[in-house]
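Peer 1: after the sequence you'll find the predicted model.
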Amino acid sequence: MDSSSAGKASSSTSTPRRYDAFISFRGEDTRRNFTDHLYTTLVAYGVHTFRDDEELERGGDIASDLLRAIEESKIFVAIFSKNYADSSWCLNELVKIFECATEKQSIIIPIFYHVDPADVENQSGSYGDAFVDHEKDVDEKKTEVIQKWRTALNRVSSLSGFHVEEQ
């Protein structure tokens with residue numbers, strides 16, 4: 001998907017858009033700093049934003065609740081941080097985001113938080129290390145899943161976004 005196909009959301013979709021924005025992030029890396037600030041700012045400006053610790057129903061099925069929230073979102077913000085690719089949960093979320101954004105022509109905004117965008121795109125550095133771990137003891141089904149993760153990382157990281165460097 002190039003940046004031109006990540007255009008405006010289509011009004012002809014059958015899924016209602018409950019959220020203006022969905023934030024995908026690795027909690028241990030950014031929940032108590034960057035993501036908190038971004039979420040608070042978006043909400044202050046009236047942007048109805050999904051963030052897992054604020055919007056998930058207590059006692060609900062987390063996986064299905066997250067997938068439904070992705071399907072019901074207009075814009076996606078993917079915060080790529082050092083340990084994002086360690087999490088199969090984050091990677092599965094990113095695949096779903098990429099699929100929904102492609103299908104609905106929604107916007108994905110990648111944010112590279114203290115990581116080199118090239119490491120995300122090429123799965124090198126900490127992202128390469130994560131894939132070495134993911135690829136241990138794989139079977140055919142997991143190989144297919146890993147390929148979807150790699151494709152989603154490559155495509156989303158090639159979109160125009162923001163790079164937040166360490167100071």
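Peer 2: That came through, no problem. Numbering: from 1, shown residues only.
Peer 1: please enumerate the strands of the protein.
Peer 2: Secondary structure of the chain, counting by DSSP state E: strands at 19-24, 49-50, 73-80, 107-113, 162-164.
Peer 1: is it possible to get a markdown table of these that adds mean neighbour count?
Peer 2: Yep, even glycine has a C-beta here, placed from its N, CA and C like the rest. Listed next are the strands of the chain as a markdown table, based on neighbours: other Cβ atoms under 10 Å:
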| stretch | mean neighbour count |
| --- | --- |
| strand 19-24 | 23 |
| strand 49-50 | 23 |
| strand 73-80 | 25 |
| strand 107-113 | 22 |
| strand 162-164 | 14 |
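Peer 1: dump those to TSV, plus mean pLDDT.
Peer 2: Shown next, in TSV, are the strands of the chain (pLDDT from 0 to 100):
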stretch	mean pLDDT
strand 19-24	96
strand 49-50	94
strand 73-80	97
strand 107-113	98
strand 162-164	96
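Peer 1: which one of the ones you listed lies nearest to W89?
Peer 2: Set against W89 and scored by Cβ to Cβ, these come closest in strand 19-24, at 9.9 Å.
Peer 1: related to what we said a few turns ago, which of the strands of the chain sits closest to S126?
Peer 2: Between the strands of the chain, strand 73-80 lies closest to S126; by Cβ to Cβ that is 10.1 Å.
Peer 1: between strand 19-24 and that closest one, find me the angle.
Peer 2: Relative orientation of strand 73-80 versus strand 19-24 (axes from the mean of the first three to the mean of the last three Cα atoms, to 10 degrees): 20 degrees.
Peer 1: may I have strand 73-80 as CSV, with CA atoms only?
Peer 2: Output of strand 73-80 as CSV, limited to C-alpha atoms (Å, rounded to 0.1, in the frame of the first residue of the first chain):
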residue,chain,number,x,y,z
SER,A,73,-12.0,2.9,13.6
LYS,A,74,-11.4,5.6,10.9
ILE,A,75,-7.7,6.3,11.5
PHE,A,76,-5.0,4.1,12.8
VAL,A,77,-1.9,5.3,14.7
ALA,A,78,0.8,2.6,14.9
ILE,A,79,3.5,3.5,17.4
PHE,A,80,6.5,1.4,16.5
